[in-house]
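Peer 1: Got a sequence here, can you build the structure:
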Amino acid sequence: MDDINLNHLQNLKEQAKVVVNEHQIEEALNRLAEKLQNDYKNLNPIFLVVLNGGLVFAGQLLPKIDVLCQVDYCHATRYDGAFKGHEISWKSEPQMDLFGRHIVIVDDILDEGHTLNAIVEYCQQQKASSVKSLVLVEKLHERKSIAGQKADYCELTVPDEYVFGFGMDYSHHWRNTKQIYSKG
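Peer 2: Numbering: from 1, shown residues only. Here you go, the predicted structure:
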């Protein structure tokens, strides 16, 4: 990457507005952990982390949940660094046997829902006992792939703008921030 692009990416963050700050994220993580602790205390769930977006979120949330569980991952994407989604691309399916298990899909954002729906369908096809969705944020708009779609667990919303940070990327960058920003 040349210096102009790196400078652009640096300036982008400096000029972006914070839409969810670090304190709000921490409070949301604590509320989610409490709910998941109560709902899964005796179920030995598999937390299925969607790469790459769900990685930061899962890494901060899962240590707060004191339940017997397993963690797996999958990598399904519509964006692959682009700013507009395309067809679902499976880069890696879950590694564990999902048959008869309680699955919690962990992802960064519910935008239109295409990727999340594809992963839910995959888990159902594998005959999981239950499949729930857990996202850090939901983008507020009316373009959901299923009318009225909501995640089973979500504590934060963001405006219908391009957002990045805390797992969400801008051209494969800025996933590592402690806050969520809007390009505006």
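
Peer 1: Which residues are in contact with Glu93?
Peer 2: Glu93 makes contacts with 74, 122, as judged by Cβ atoms under 8 Å, 6 or more residues apart in numbering. C-beta here means a position set from N, CA and C on the backbone, and glycine is covered the same way.

Peer 1: Got the phi and psi for it?
Peer 2: The phi and psi torsions at Glu93 (degrees, to the nearest 10) take the values phi -80, psi 160.

Peer 1: ranges for the helices of this protein?
Peer 2: 3-15, 22-40, 54-61, 114-125 (DSSP state H).

Peer 1: distance of His102 from Glu26?
Peer 2: With the distance defined as Cβ to Cβ, to the nearest Å, His102 ends up 26 Å from Glu26.

Peer 1: Those two - which one has more neighbours?
Peer 2: Shown here are His102 and Glu26; by other Cβ atoms under 10 Å, His102 has more neighbours (18 against 13).

Peer 1: Based on its surroundings, how many neighbours for the residue lying closest to Val18 once chain neighbours are set aside?
Peer 2: Among residues not flanking Val18 along the chain, Gln179 sits closest, at 5.0 Å (Cβ to Cβ, 6 or more residues apart in numbering). Gln179 is flanked by 16 other residues according to other Cβ under 10 Å.

Peer 1: ok, Gln179 touching Gly167?
Peer 2: No. The pair Gln179 and Gly167 does not pass the contact test of Cβ atoms under 8 Å, sitting 11.5 Å apart.

Peer 1: ok so, going back, quick one: pLDDT of the residue nearest to Val18?
Peer 2: Per-residue pLDDT puts Gln179 at 97.

Peer 1: And Trp90, by the same measure?
Peer 2: On the pLDDT scale, Trp90 gets 86.

Peer 1: List the beta-bridge partners for it.
Peer 2: Ala76 (DSSP bridges).

Peer 1: Contacts only, for it.
Peer 2: 74-76.

Peer 1: So, low pLDDT: which residues of this structure?
Peer 2: Residue ranges of the chain with pLDDT under 70: 1-4, 78-86, 184.

Peer 1: count of residues packed around Val67?
Peer 2: Val67 has 17 neighbours, counted by other Cβ under 10 Å.

Peer 1: gap between the residue nearest to Val18 and Phe166?
Peer 2: Relative to Phe166, and taking Cβ to Cβ, Gln179 is found at 7 Å.

Peer 1: which neighbours do these two share?
Peer 2: In contact with both Gln179 and Phe166: 20, 25, using Cβ under 8 Å, 6+ apart.

Peer 1: coming back round to it: of the helices of the chain, flag the one that's most buried.
Peer 2: Counting by mean count of other Cβ atoms under 10 Å, helix 54-61 has the highest mean neighbour count of those, with a mean of 20.

Peer 1: next one: it to chain centre, how far?
Peer 2: 8 Å (Cα atoms, centre = their mean, to the nearest Å).

Peer 1: Can you show me the CA trace of it as PDB?
Peer 2: Output of helix 54-61 as PDB, limited to C-alpha atoms (Å, rounded to 0.1, in the frame of the first residue of the first chain):
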ATOM      1  CA  GLY A  54     -16.800 -11.100  15.100                       C
ATOM      2  CA  LEU A  55     -13.300 -11.700  16.300                       C
ATOM      3  CA  VAL A  56     -12.700  -8.500  18.400                       C
ATOM      4  CA  PHE A  57     -16.300  -8.600  19.800                       C
ATOM      5  CA  ALA A  58     -16.000 -12.300  20.700                       C
ATOM      6  CA  GLY A  59     -12.600 -11.800  22.300                       C
ATOM      7  CA  GLN A  60     -13.900  -9.100  24.600                       C
ATOM      8  CA  LEU A  61     -17.300 -10.800  25.400                       C
END
